[in-house]
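Novice: Any chance you could fold what I've pasted below:
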Amino acid sequence: MKIVLDAQRCTGHGRCYSLAPELFDSDDEGHSIVLTPDVPDGLESQARLAAENCPETCISLVEGE
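Specialist: Next up is the predicted model:
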């Protein structure tokens, strides 16, 4: 699974890095950054939770890469 973030749409609600701190962090303005685009084994549910809770739907998950 791979994380794809549309940084242009992120407004910095912070849900992703609150729900999945192993996968996301924030920049100096509070906008999301992906720590590792390739989701490590065992963190798939956190990646899905972050994507499902993004108000701007700017997080996509690509399966099978």
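Novice: pLDDT below threshold where in the chain?
Specialist: By pLDDT under 70, the low-scoring segments of the chain are 65.
Novice: how about a cut-off of 50?
Specialist: Low-confidence segments of the chain (pLDDT under 50): none present.
Novice: Where do the strands of it begin and end?
Specialist: Under the criterion DSSP state E, the chain contains strands at 2-5, 24-26, 32-34, 59-62.
Novice: Now those strands in JSON lines, please, with extra columns for mean neighbour count.
Specialist: C-beta coordinates here come from the backbone N, C-alpha and C atoms, glycine included. Below are the strands of the chain laid out as JSON lines (neighbours: other CB atoms under 10 Å):
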{"stretch": "strand 2-5", "mean neighbour count": "18"}
{"stretch": "strand 24-26", "mean neighbour count": "17"}
{"stretch": "strand 32-34", "mean neighbour count": "20"}
{"stretch": "strand 59-62", "mean neighbour count": "16"}
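Novice: name the helices or strands packed onto the longest helix along the chain?
Specialist: Longest helix of the chain, by residue count under DSSP state H: helix 44-52. Helix 44-52 is packed against helix 15-19, strand 59-62, with contacts defined by 3 or more CB pairs under 8 Å, 6 or more residues apart in numbering; DSSP states H and E.
Novice: For residue 31, which of the ones you listed is the nearest?
Specialist: helix 15-19 (9.9 Å; CB to CB).
Novice: What distance do you get for residue 14 to residue 41?
Specialist: 26 Å (CB to CB, to the nearest Å).
Novice: of those two, who's got more company?
Specialist: Between residue 14 and residue 41, residue 14 has the larger neighbour count (other CB atoms under 10 Å), namely 14 against 6.
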